[in-house]
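In: 3D, please:
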Amino acid sequence: MQHDCQIGLVQMESHIGEREANFRRITHLAEVASKKKVSFLCFPECALDGYSPQYASELGDTIRCSVINRLKECAEDLGITLLVGLVEQDNKTEKPYISHVILSPGNEDMVYRKVHLGRSELDYFTPGNQFPVFNAQGTTFAVGICWDWHFPEVTAIYSLKGAEIIFAPHASPVIAGDRKEIWLRYLGTRAYDNSVYLGACNLIGSNGKGKEFSGGTLTIGPKGEVILHTEVLEERIFISTLSAERINRIRRFDRVSMKDSFFLADRRKELYHELLELDVQR
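Out: Here you go, the predicted structure:
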């Protein structure tokens with residue numbers, strides 16, 4: 001990282017089929033964040049369109065649509081990088097993607113498409129097939145969406161590609177259980193094992209179609225330390241300052257202290273072929 005970085009994590013309510021109203025929420029929160037000197041502002045999964053697999057075919061648009069262009073203008077005007085979840089329609093696929101578009105001043109639009117779909121999503125969405133890493137604001141970063149983070153390989157790939165921050169937007173419903181307990185159980189491990197900063201956020205409230213979301217934001221440091229954890233049940237932005245010196249020290253080849261270990265640098269990948277060959281025993 002070239003310098004310390006302030007990230008903003010949003011928990012917000014997003015109603016199905018109310019794209020314009022959701023857009024206004026997003027731009028309002030972006031204006032608030034810019035006044036607080038936030039560099040990256042990450043919104044939850046499908047924040048622009050609301051989350052509901054059953055309605056997916058009726059939602060969203062392409063990433064070249066007018067709303068995305070307006071969000072790009074917002075990012076340019078405010079000098080902030082926006083990471084916004086949406087339902088992405090694509091003429092090349094029968095079913096839409098669950099996507100996150102990254103809009104950053106001076107950069108081309110960037111997009112991540114959710115690779116690991118939950119079982120309840122498989123009939124309604126097309127899975128992505130790439131793990132892109134992005135650069136903006138002097139930082140290398142990546143995005144994974146909700147279910148993606150139950151697969152340890154995702155974070156390892158991103159870290160090996162140079163990601164210093166990974167963003168984990170969610171649409172986790174109340175029924176999923178205790179958000180604090182669940183997230184701390186595995187997201188801390190993803191950050192610690194791969195020496196990355198991790199920022200997670202979630203939808204909150206109703207989607208307008210009977211589903212309730214539990215909210216929650218979490219920032220974890222590259223040694224698994226909790227920087228920020230919230231359980232505030234209202235729509236708002238939560239801000240964390242990430243130290244460049246902290247992660248740069250870990251990523252240096254000449255590090256001497258075990259407490260600064262970058263574990264991936266010492267892996268023995270020549271022995272890991274079994275990871276690709278083995279399958280779950282049934």
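
In: Sketch out the low-pLDDT regions of the stretch 51-200 of the chain for me.
Out: In the predicted model, the stretch 51-200 of the chain carries pLDDT under 70 at residues 176-178.

In: would you list every one of the helices in it?
Out: For the stretch 51-200 of the chain, the helices defined by DSSP state H, counting those that start in this stretch cover 66-78, 152-160, 179-194.

In: Pull the second one out as PDB, backbone CA atoms only.
Out: The one in question is helix 152-160. The C-alpha coordinates for helix 152-160 follow below in PDB (Å, rounded to 0.1, in the frame of the first residue of the first chain):
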ATOM      1  CA  PRO A 152     -10.300 -20.700   1.600                       C
ATOM      2  CA  GLU A 153      -8.700 -20.900  -1.800                       C
ATOM      3  CA  VAL A 154     -10.300 -17.600  -2.800                       C
ATOM      4  CA  THR A 155      -8.400 -15.500  -0.300                       C
ATOM      5  CA  ALA A 156      -5.100 -17.300  -1.000                       C
ATOM      6  CA  ILE A 157      -5.400 -16.600  -4.800                       C
ATOM      7  CA  TYR A 158      -6.100 -12.900  -4.100                       C
ATOM      8  CA  SER A 159      -3.300 -12.600  -1.700                       C
ATOM      9  CA  LEU A 160      -0.800 -14.300  -4.100                       C
END
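
In: With mean neighbour count and distance to Glu235 as new columns, can the helices of the stretch 51-200 of the chain be given to me in CSV?
Out: Quick note: C-beta positions are derived from backbone N, CA and C, even for glycine. As requested, the helices of the stretch 51-200 of the chain are exported to CSV (neighbours: other Cβ atoms under 10 Å; distance: least, Cβ to Cβ, whole Å):
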stretch, mean neighbour count, distance to Glu235
helix 66-78, 17, 18
helix 152-160, 18, 28
helix 179-194, 18, 16
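
In: which stretch among those helices comes nearest Leu103?
Out: The minimum distance between Leu103 and the helices of the stretch 51-200 of the chain falls on helix 66-78, with 4.2 Å, by Cβ to Cβ.

In: Packing partners of that closest one?
Out: helix 19-35, strand 81-88, strand 97-103 (3 or more Cβ pairs under 8 Å, 6 or more residues apart in numbering; DSSP states H and E).

In: Deepest-packed of those, please.
Out: strand 81-88 (a mean of 28; mean count of other Cβ atoms under 10 Å).

In: Just list what that one packs against, helices and strands only.
Out: Using 3+ Cβ pairs under 8 Å, 6+ apart, the elements in contact with strand 81-88 are helix 19-35, strand 40-42, helix 66-78, strand 97-103, strand 165-170.

In: Kindly calculate the angle that it makes with strand 165-170.
Out: Orientation of strand 81-88 against strand 165-170 (axes from the mean of the first three to the mean of the last three Cα atoms, to 10 degrees) gives an angle of 40 degrees.

In: Figure out how far strand 81-88 is from the centre of its chain.
Out: 9 Å (Cα atoms, centre = their mean, to the nearest Å).

In: ditto for stretch 188-199
Out: On Cα atoms, centre = their mean, the centre of stretch 188-199 falls 13 Å from that of its chain.

In: Kindly format the C-alpha coordinates of that stretch as PDB.
Out: Output in PDB follows, covering the C-alpha atoms of stretch 188-199 (Å, rounded to 0.1, in the frame of the first residue of the first chain):
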ATOM      1  CA  GLY A 188     -10.700 -13.800  10.800                       C
ATOM      2  CA  THR A 189      -9.000 -16.900   9.600                       C
ATOM      3  CA  ARG A 190      -9.100 -15.800   5.900                       C
ATOM      4  CA  ALA A 191      -7.300 -12.600   6.900                       C
ATOM      5  CA  TYR A 192      -4.800 -14.200   9.200                       C
ATOM      6  CA  ASP A 193      -3.800 -17.100   6.900                       C
ATOM      7  CA  ASN A 194      -3.300 -14.800   3.900                       C
ATOM      8  CA  SER A 195      -2.000 -11.600   5.600                       C
ATOM      9  CA  VAL A 196      -4.700  -9.300   4.100                       C
ATOM     10  CA  TYR A 197      -7.000  -6.600   5.500                       C
ATOM     11  CA  LEU A 198     -10.600  -7.700   5.200                       C
ATOM     12  CA  GLY A 199     -13.700  -5.600   5.300                       C
END
